[in-house]
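K.L.:
Got a sequence here, can you build the structure:
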Amino acid sequence: MTEELQTGLIRISDDVVATIAGLAALETPGIAAMSGGISEGLAKRLSGKNVQKGVSVEVGQLEAAIDLRIIVHYGIPIQEVCRQLQLNVRESVENMTGLHVVEVNVKVEGVAFKEEEIEEQHRLK
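P.N.:
From the prediction side, this is the model:
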């Protein structure tokens, strides 16, 4: 986004929008992690340390389009989680940047089971 004012320009980078979207995604109930993508090998689980993984954005002058790759918790209705995810991301990006979010596309790349979550926590320690 670029906005020209009497005092100068305001630019919001793609990375800023991707970070906001990633944080909003990780705060959504039912989301286990962001996915680094199948093309990187096995889907990597990422914590808040690198919230831009699993997020792709296209930012124009006034609008943004966001693509998310996620891993959901087992046992939770995926469509409900994804709809809430879309709402949370849209609201966060629009409120913080003033951009109009035209679309939030979600690709579910995995399901996290309780055992996997416990193993992941032990590996991170």
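
K.L.:
got any ranges where the chain has weak pLDDT?
P.N.:
1-5, 37-51, 115-125 (pLDDT under 70).

K.L.:
buried stuff in the biggest helix by length in it?
P.N.:
For the chain, the helix with the greatest residue count under DSSP state H is helix 78-97. Across helix 78-97, burial judged by 16 or more other C-beta atoms under 10 Å covers 81, 82, 85, 86, 88, 89, 90, 92, 93, 97. All C-beta atoms are positioned from the backbone trio N, CA, C, and that covers glycine.

K.L.:
starting at the chain centroid, how far to that helix?
P.N.:
The chain centre lies 9 Å from the centre of helix 78-97; the measure is C-alpha atoms, centre = their mean, to the nearest Å.

K.L.:
Doesn't residue 33 belong to a strand?
P.N.:
Yes - membership of residue 33 in a strand is supported by DSSP: H, G, I helix; E, B strand; the rest coil.

K.L.:
Just give the number of residues close to it.
P.N.:
25 (other C-beta atoms under 10 Å).

K.L.:
do you know how far it is from residue 73?
P.N.:
Residue 33 sits 10 Å away from residue 73, going by C-beta to C-beta, to the nearest Å.

K.L.:
Residue 12 now?
P.N.:
From residue 12 to residue 73 the distance is 32 Å (C-beta to C-beta).

K.L.:
Give me the most central residue, the chain.
P.N.:
residue 22 (3.2 Å; C-alpha atoms, centre = their mean).
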